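Undergrad: Quick one, fold the following:
(2 chains)
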There are 2 protein chains.
Amino acid sequence: MARIVMKFGGTSVADLDRIRNVAARVKHQVEQGDQVAVVVSAMAGATNQLVAWCQALSPLHDAREYDAVVATGEQVTTGLLAIALQAIGVEARSWAGWQIPLRTDDAHGAARISTIEAAELARRMEGGQVAVVAGFQGLAPDNRISTLGRGGSDTSAVALAAALHADRCDIYTDVDGVYTTDPRIVPRARKLDRIAYEEMLELASVGAKVLQTRSVELAMKERVRVRVLSSFANADDAANGTLLVDEDEIVEKEIVTGIAYSRDEAKVTLRHVPDRPGVATAVFGPLSDAHVNVDMIVQNISAEGTTDMTFTIGRTDLPRVIDCLNRERGKIGFTELLTDKEVAKISVVGVGMRSHAGIANTMFRTLAEKSINIQVISTSEIKVSVLVGLEYTELAVRALHTAYGLDAA
Amino acid sequence: MARIVMKFGGTSVADLDRIRNVAARVKHQVEQGDQVAVVVSAMAGATNQLVAWCQALSPLHDAREYDAVVATGEQVTTGLLAIALQAIGVEARSWAGWQIPLRTDDAHGAARISTIEAAELARRMEGGQVAVVAGFQGLAPDNRISTLGRGGSDTSAVALAAALHADRCDIYTDVDGVYTTDPRIVPRARKLDRIAYEEMLELASVGAKVLQTRSVELAMKERVRVRVLSSFANADDAANGTLLVDEDEIVEKEIVTGIAYSRDEAKVTLRHVPDRPGVATAVFGPLSDAHVNVDMIVQNISAEGTTDMTFTIGRTDLPRVIDCLNRERGKIGFTELLTDKEVAKISVVGVGMRSHAGIANTMFRTLAEKSINIQVISTSEIKVSVLVGLEYTELAVRALHTAYGLDAA
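TA: As a prediction, the model looks like this:
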């Protein structure tokens, strides 16, 4: 007997047949003797329709009204799944965010969960009732509905699992787990049975978008065992999917767990910036104020009192960044602003790096052997990232996957 | 300055353009200096889709889950209308039933309103904010969403008007008021400027389905001034639409206010029922248990210890009634069961009848002049109804409309 939170996304509940499939899967879990809560998203397409209506009526709509409209998508799914469960003999009831209540802050449209009063849910689950919970939504302090932002249902599921002290949170997706790298690029990529939260965070934030980053952070903080698995996999088989666990639970640590890449980058270089104290703030302060997320930063050594600064940003932010820097040009004092959208970030990730030297050098040597020029380097405790030309993405990922011994036998 | 509740049905909010039209109409009302609450239905078609999903998953679905699903339709409209109002500079916010709260009993799917805690709404309306309220829904004692049954938004609007002590409740529909009879049958039918609640009830329950019967009963009980008017009418013109008022407010009472008809009737006759005490209970008790609504009842005088009993029911109930009576045949003891679906009920309605004799006789004489045979007669204080052959419906309505002097000049 275990207490399990199951989460199904929009494509898993896209129509009545798929909702019936989800119900059958939940029933199977209940028949194992488990206590089950199910977190669901809106039926695929429903949220987009509701968002489009709000946008069409007013591009600058009230976020509280947006939340009231958009949260209905999940409410519909919970009721329908509860009916589908009852129809096959499973005791179930639906829960809107405000009914639990799952409380959030007042950042309507992108709220953060504050508390979940899960005692009543737990009591009913102990009595054999399946709790069907609306993902993505909660109750703000003003007694109005809040939503967590797109993809927030993963976070709802993890937070609910933490509040319920669940044994596991199973996230059903359209992939069957987390891979050593993107199988579309490297056919010999291997599915990982286990991955440390920290590794998952690095892989998620650099492009392996299996789980919403916030949900992984929350799982790590609350030590929730999250399993990512396919809606079509056999849930009984513990080897299915990928389990997110604490680093300590991974006995045989791979030095490198995976190779990630991101093609959504842009590189910005400021030439001949005066090399004086405070110049970094002069550059990055205004960008921060403009809510631009700056990733890799490199500053060359000074020559003749000036230096070149290079950093990377999300590609969609580039026009805003150019605009912002040109406005600050007088204060910063650079001579030239260079930008490049034809770049990709390649990262090698692994908690084993902490205790192994030479990981970065293997990366540099491997890329050099393929004549791939490295434009920017940045490192963290469990990750080494490099910026390369966009056209080298696949070549770099494949070469590194082989070099670190990750290829499937 | 007045306090007004405006109610718009599903066709008035069927798409974004119509929602913008409703917003413009509400803005116009606000600009008169009025305090305004708006009650809205789901966008036309939305409720049917949601109901169909519930039905498809399980014909015998949990009414509480049905309510959770179906109530989302109105929630979407409230948010969208609030956004549309804000976009044209009108301060507004949406209210789901549970947020007000509008409390109901626990009869999920067909709940009755118990209380509306309207103080906060009133406070905000006094401050100039338009309250956009979801019709058709409330909060049941189990803290779950309830719905009032189809068409319940009229009732929501009237109940809210009562709770807010509103000066008037304007119900916008696709007709421009209540007529002396159906204009499709009698082109010279006249729109009534005023009608007494009691008359409206009789007209509504016999076929003039402008307002939901429950909403009229509630308006009468709470003395809410309800105006029925077209979504396209000029709301400023007090002469537009039809105002439901207390009988005392109608100074010049018409003897007959209107002619109603219903073609949804069926006639049932039991031949040779033993004429003994308790036989009526033996017939109508089982029908009541089967939730059959019996309308007109006639019992002939006894002949040789037996009598014939005739009554009318809704036509769709006929198979159930035949089944029920045949099962009870031994206990009741009739010799023959006759049924007729080719019947129509014609009614003349008017509060002036109370003080005028001869109303019924005018009806009988008029029908006799047209050689229309009367099958059953029933009377109440303000109504005389007869059952006639279905094919005489139009002829009877036209003749009576003329006979009572209702034709437009």
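
Undergrad: what bits of chain A have low per-residue confidence?
TA: By pLDDT under 70, the weakly predicted segments of chain A are A:150-151, A:204-209, A:233-239, A:251-253.

Undergrad: How about the residues of it by chain B?
TA: Residues of chain A lying close to chain B (C-beta under 8 Å from any C-beta of the partner chain) are A:16, A:19-20, A:50, A:53-54, A:56-58, A:61-62, A:64-69, A:72, A:75-76, A:78-80, A:82-84, A:86-87, A:93-94, A:96, A:98-99, A:143-145. In short, each C-beta sits where N, CA and C put it, glycine included.

Undergrad: all helices for the stretch 301-409 of chain A, in order.
TA: With helices called from DSSP state H, counting those that start in this stretch, the stretch 301-409 of chain A shows them at A:318-327, A:329-332, A:359-369, A:393-403.

Undergrad: Kindly reformat those as a markdown table containing mean neighbour count.
TA: Putting the helices of the stretch 301-409 of chain A into a markdown table (neighbours: other C-beta atoms under 10 Å in any protein chain shown) gives the following:
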| stretch | mean neighbour count |
| --- | --- |
| helix A:318-327 | 15 |
| helix A:329-332 | 12 |
| helix A:359-369 | 16 |
| helix A:393-403 | 20 |
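
Undergrad: Can you tell me which of the ones you listed is nearest to B:N300?
TA: Among the helices of the stretch 301-409 of chain A, helix A:318-327 comes nearest to B:N300, with 88.8 Å by C-beta to C-beta.

Undergrad: Backbone dihedrals for the closest residue to A:R124 other than its chain neighbours, please?
TA: If the residues on either side of it in the chain are set aside, A:R124 comes closest to A:A131, at 6.4 Å by C-beta to C-beta, 6 or more residues apart in numbering or on different chains. The phi/psi pair for A:A131 (degrees, to the nearest 10) reads phi -90, psi 120.

Undergrad: Contacts only, for A:A131.
TA: Going by C-beta atoms under 8 Å, 6 or more residues apart in numbering or on different chains, A:A131 touches A:36-38, A:92-93, A:95, A:121, A:124-125.

Undergrad: Restricted to strands, list the residues of chain A next to chain B.
TA: A:93-94, A:145 (DSSP state E).

Undergrad: Which helix or strand contains A:L229?
TA: strand A:226-230 (DSSP states H and E).

Undergrad: Could you do A:K267 as well?
TA: strand A:265-274.

Undergrad: which stretch among the helices of the stretch 301-409 of chain A comes nearest B:H108?
TA: helix A:318-327 (50.7 Å).

Undergrad: Distance from the closest one to the middle of the chain?
TA: 27 Å (C-alpha atoms, centre = their mean, to the nearest Å).

Undergrad: other SSEs contacting that helix?
TA: strand A:265-274, helix A:279-289, strand A:336-340 (3 or more C-beta pairs under 8 Å, 6 or more residues apart in numbering or on different chains; DSSP states H and E).

Undergrad: Return the list of helices and strands in contact with the shortest one.
TA: The reference is to strand A:336-340. So strand A:336-340, by 3+ C-beta pairs under 8 Å, 6+ apart, packs with strand A:265-274, helix A:318-327.

Undergrad: So which of the helices and strands packed on helix A:318-327 is the most surrounded?
TA: strand A:265-274 (a mean of 20; mean count of other C-beta atoms under 10 Å in any protein chain shown).

Undergrad: how much does that one deviate in direction from strand A:336-340?
TA: 160 degrees (axes from the mean of the first three to the mean of the last three C-alpha atoms, to 10 degrees).

Undergrad: Can you give the strand pairings for strand A:265-274, parallel or anti for each?
TA: Strand pairing for strand A:265-274, using DSSP bridges, gives strand A:306-314 (antiparallel), strand A:336-340 (antiparallel).

Undergrad: Remind me which helix or strand the nearest residue to A:S380 once chain neighbours are set aside belongs to.
TA: Excluding the flanking residues, the one nearest A:S380 by C-beta to C-beta, 6+ apart is A:E202, at 7.6 Å. In the assignment (DSSP H and E), A:E202 maps to helix A:197-205.

Undergrad: who touches that helix?
TA: A:178, A:195, A:210-213, A:216-217, A:219-220, A:244-247, A:257-258, A:260, A:347, A:349-351, A:380, A:382-383.

Undergrad: Relative to its centre, which residue of chain A is most distant?
TA: A:E304 (43.6 Å; C-alpha atoms, centre = their mean).

Undergrad: now the strands for the stretch 101-250 of chain A?
TA: Taking DSSP state E, counting those that start in this stretch to define them, one finds strands in the stretch 101-250 of chain A at A:102-104, A:113-116, A:130-134, A:137-139, A:145-147, A:168-173, A:194-196, A:226-230, A:242-245.

Undergrad: now, of these, which is deepest in the fold?
TA: It is strand A:145-147: most buried of these by mean count of other C-beta under 10 Å, with a mean of 30.

Undergrad: Name the residues that touch that one?
TA: Contacts for strand A:145-147 (C-beta under 8 Å, 6+ apart): A:66-68, A:70-71, A:97-98, A:104-111, A:136-140, B:96.

Undergrad: how does it look with 6 Å?
TA: A:67-68, A:70-71, A:104, A:108, A:111, A:136-138, A:140 (C-beta atoms under 6 Å, 6 or more residues apart in numbering or on different chains).

Undergrad: what do you get for stretch A:6-24?
TA: Here stretch A:6-24 has contacts from A:38-44, A:77, A:80-81, A:84-85, A:88, A:157, A:170-172, A:231, B:56, using C-beta under 6 Å, 6+ apart.

Undergrad: Buried ones among the residues you listed?
TA: Buried subset of the contacts of stretch A:6-24 (neighbour count, 16 or more other C-beta atoms under 10 Å in any protein chain shown): A:38-44, A:77, A:80-81, A:84-85, A:157, A:170-172, A:231, B:56.
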